[in-house]
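Asker: sequence first, predicted coordinates after that:
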2 protein chains.
Amino acid sequence: MNTPTATGKRAATRETILDHAYALACNGGLEGLSIGSLAADVGMSKSGVFAHFGSREELQLAVLDAGGQRFMATVLAPALKRPRGLPRLRAIVANWFNWGREFQSGCVLLSSASEYDGRRGPLHDRVVAQMAGWRRELCKAIGQAVDEGHLRANTDAELLAFEIYALMLGLHHDGGLFGFDEARRHAERAFERLWRSWQT
Amino acid sequence: MNTPTATGKRAATRETILDHAYALACNGGLEGLSIGSLAADVGMSKSGVFAHFGSREELQLAVLDAGGQRFMATVLAPALKRPRGLPRLRAIVANWFNWGREFQSGCVLLSSASEYDGRRGPLHDRVVAQMAGWRRELCKAIGQAVDEGHLRANTDAELLAFEIYALMLGLHHDGGLFGFDEARRHAERAFERLWRSWQT
DNA sequence: GAAAAGAACGAACGATCGTGCTATTTATCC
DNA sequence: GGATAAATAGCACGATCGTTCGTTCTTTTC
């Protein structure tokens, strides 16, 4: 038995740092995340935090990955237990509604999308890859709903995925600015209209 | 003739500064806008730029106002020449499609919305007021389309405004990440479906 | 318990941040 | 054209940024 705890101390504190970094980035965005404030939040020295990542960009990438992982675990994974087709699709949307409300403010992934859409570099690429991956998952679930006969046979999966995504953007946008309850009401009704418009 | 140009020198250079500030904020966002880089971009000294606004926050507010003004002039004003109802609504959307492509990257107003939705202070309030005002204009145009008999009598203006706004968010989001052309195709088709779903 | 390895700290760096203050330049007015 | 006012430049401040480096503390290994 030479493996200490399978996760070691280094990995554990790294996880702790990422927890705090993720929470901070949910407010201020990835671009507003500074190593100094992060270190103060965790209760470590700047250099101690820094040593875990080697650069700020590497830290930001790690936060982005952590966010994507949590998103998938919160939104997609539970929905996979539901039967294929529209029930699973609705479960995805339902889980998505609750996403980002664990911390008071916005979603790291969405804010990163608007922060890095115009620039170049590793962060931009990671955001694009993440978003494209999620869109692919959405299309997959939509395709299954078509196969199950829940949605019309001529359904354009990419278009519907765009529409679903747009409504979630609207929910987060309005939720952040005008209050979550009213935004939720609008989004819920919009989704009902959306499902109906694509149903068989 | 003692009035030099009706707009004095001070106002003129202030306008020049705001032009550059607006362009810079279209990429880096309002939070990424710094007085130093702005001064370098304009070709002035930091303090020279600073003197025009008195504080960074005041500068950001001015940029926000300038953005709102340009948005209204680009998107709303030309549409008011079209006949009330669906034609005007479609014109608004058509103008909105072109908005934000004057500069290569995103829209200041949208990025500000995600930057300040979680915080408090004058910037947050200004963003909310701006967004609420625009939403009100949208609802007004929708109401007219109902009055004209172009949209169903039981149309929920706020809900439709939410749906329109959501699609535009989707357009900007996808446009920034995946390329504007594909996003435009999706958004255009989604809008056609949207109009049809609310039409008489 | 000594030795080796790993993790975190503390101080310092050059740069940039927003913001004052004081000159200096530029425009306006009689 | 000289006096006055406005506009801009220059410089310095404290703070914070990301990053580096050498030291100290903690853990593991023999």
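Answerer: Arrived safely, thanks for sending.
Asker: drop to CA atoms for contacts and neighbour counts, all remaining ones
Answerer: Noted.
Asker: burial count for A:G32?
Answerer: 15 (other C-alpha atoms under 10 Å in any protein chain shown).
Asker: where does it sit: helix, strand or coil?
Answerer: In three-state terms, and counting by DSSP: H, G, I helix; E, B strand; the rest coil, A:G32 is coil.
Asker: which residues sit in contact with it?
Answerer: A:A25 (C-alpha atoms under 8 Å, 6 or more residues apart in numbering or on different chains).
Asker: gap between it and DNA strand C?
Answerer: 12 Å (C-alpha to the nearest atom of the strand, to the nearest Å).
Asker: do you know the pLDDT at that residue?
Answerer: pLDDT, A:G32: 96.
Asker: next, it: phi, psi?
Answerer: phi -90, psi 0 (degrees, to the nearest 10).
Asker: would you mind measuring from it to B:L64?
Answerer: The gap separating A:G32 from B:L64 is 19 Å, by C-alpha to C-alpha, to the nearest Å.
Asker: same question, A:G118
Answerer: Going from A:G118 to B:L64 by C-alpha to C-alpha gives 19 Å.
Asker: higher neighbour count, these two?
Answerer: Legend: neighbour count by other C-alpha under 10 Å for A:G118 and B:L64, higher for B:L64 (23 against 16).
Asker: near DNA strand D, which residues of chain A?
Answerer: A:2, A:4, A:33-37, A:46-47, A:50-51, A:54-57 (C-alpha under 7 Å from any atom of the strand).
Asker: kindly recompute the last result at 10 Å.
Answerer: Neighbours of DNA strand D within chain A, by C-alpha under 10 Å from any atom of the strand: A:1-5, A:8-10, A:30-40, A:45-51, A:53-60.
Asker: tell me which of those residues fall in helices.
Answerer: Residues of these located in helices (DSSP state H): A:8-10, A:35-40, A:46-51, A:56-60.
Asker: mark which of the residues you listed are buried, thanks.
Answerer: A:I35, A:L38, A:A39, A:K46, A:V49, A:F50, A:L59, A:Q60 (16 or more other C-alpha atoms under 10 Å in any protein chain shown).
Asker: so the second one touches A:Y22, yeah?
Answerer: No - A:L38 is not in contact with A:Y22 according to C-alpha atoms under 8 Å; the separation is 9.8 Å.
Asker: contacts only, for A:G175.
Answerer: Contacts of A:G175 by C-alpha under 8 Å, 6+ apart are A:D181, A:E182, A:A183, A:R184.
Asker: tell me the one among those nearest to B:L138.
Answerer: Comparing the contacts of A:G175 against B:L138 with C-alpha to C-alpha places A:A183 closest, at 16.3 Å.
Asker: tilt between the strand or helix carrying the closest one and helix B:180-198?
Answerer: Secondary structure assignment for A:A183, by DSSP states H and E: helix A:180-198. Put simply, helix A:180-198 runs at 80 degrees to helix B:180-198, going by axes from the mean of the first three to the mean of the last three C-alpha atoms, to 10 degrees.
Asker: now helix A:180-198: mean pLDDT?
Answerer: Mean pLDDT, computed over helix A:180-198, is 97.
Asker: list the contacts of it.
Answerer: A:97, A:151-152, A:155, A:164, A:167-168, A:170-172, A:174-175, B:159, B:162-163, B:197.
Asker: one step back: which of the contacts of A:G175 has the most neighbours?
Answerer: Tallying neighbours with other C-alpha under 10 Å puts A:A183 at the head of the contacts of A:G175, with 21 neighbours.
Asker: how near is it to DNA strand D?
Answerer: From A:A183 across to DNA strand D, the span is 33 Å (C-alpha to the nearest atom of the strand).
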